[in-house]
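Engineer: Pasting a predicted model and its sequence here:
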Amino acid sequence: MERPSLEVNLPDTHEEGKLYVVDSLNNLNKLNVCPDGSQHVLDEEENTGGTGENTAGSNIRNQCLFFVTFILTLIVSLALVSFVIFLIIQTRNKMDQITSRLISEKKNIEELKKMNDMILKHLNQSGIKE
């Protein structure tokens, strides 16, 4: 399949000729480069004047959505970390209470052993046999 060669007839003014050449090249590029499915994107750009107003609005919307999602994620993470720190502190307090109870019970058991030993010595010295 042969493609016709590009022959550009430049108008009298040089600037109009440049615009005509650029427009022709853009049209050729659209036909050769863009697949059929993406042609509607180019048509939309032509309808909006090629400024990309629709994409700029959706881009800003996407950035705002990302920012809000990021902030919410940070807040939830901060809440979870605070809760974990609270649980660690509570667990430490409970462990300290249990440790102090165990120490006091150990002292009580040692005192009871001493008293038991004293009672046994006293009974052995007094000569009462079982």
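Structural biologist: Right, received. Where do you want to start?
Engineer: Export stretch 114-125 to PDB, keeping only CA atoms.
Structural biologist: Extracted C-alpha coordinates of stretch 114-125, given in PDB (Å, rounded to 0.1, in the frame of the first residue of the first chain):
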ATOM      1  CA  LYS A 114      10.800 -19.200 110.200                       C
ATOM      2  CA  MET A 115       7.900 -19.400 112.600                       C
ATOM      3  CA  ASN A 116       7.400 -23.100 111.700                       C
ATOM      4  CA  ASP A 117      11.100 -23.700 112.400                       C
ATOM      5  CA  MET A 118      11.000 -21.900 115.700                       C
ATOM      6  CA  ILE A 119       7.900 -23.900 116.800                       C
ATOM      7  CA  LEU A 120       9.600 -27.100 115.800                       C
ATOM      8  CA  LYS A 121      12.700 -26.200 117.800                       C
ATOM      9  CA  HIS A 122      10.700 -25.200 120.800                       C
ATOM     10  CA  LEU A 123       8.700 -28.500 120.600                       C
ATOM     11  CA  ASN A 124      11.900 -30.500 120.300                       C
ATOM     12  CA  GLN A 125      13.500 -28.700 123.200                       C
END
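Engineer: What residues sit buried inside it?
Structural biologist: For stretch 114-125, the neighbour count (16 or more other C-beta atoms under 10 Å) marks no residue as buried. Placement of C-beta: from N, CA and C, glycine included.
Engineer: Near residue 103, how many other residues are there?
Structural biologist: Residues near residue 103, counting by other C-beta atoms under 10 Å, number 10.
Engineer: so what secondary structure elements neighbour the one helix or strand it maps to?
Structural biologist: Per DSSP states H and E, residue 103 falls inside helix 53-126. Helices and strands touching helix 53-126, as assessed by 3 or more C-beta pairs under 8 Å, 6 or more residues apart in numbering; DSSP states H and E, are absent.
Engineer: Rank the helices and strands of the chain by mean pLDDT and give me the bottom one.
Structural biologist: Across the helices and strands of the chain, mean pLDDT, DSSP states H and E gives its lowest value to helix 39-47, namely a mean of 53.
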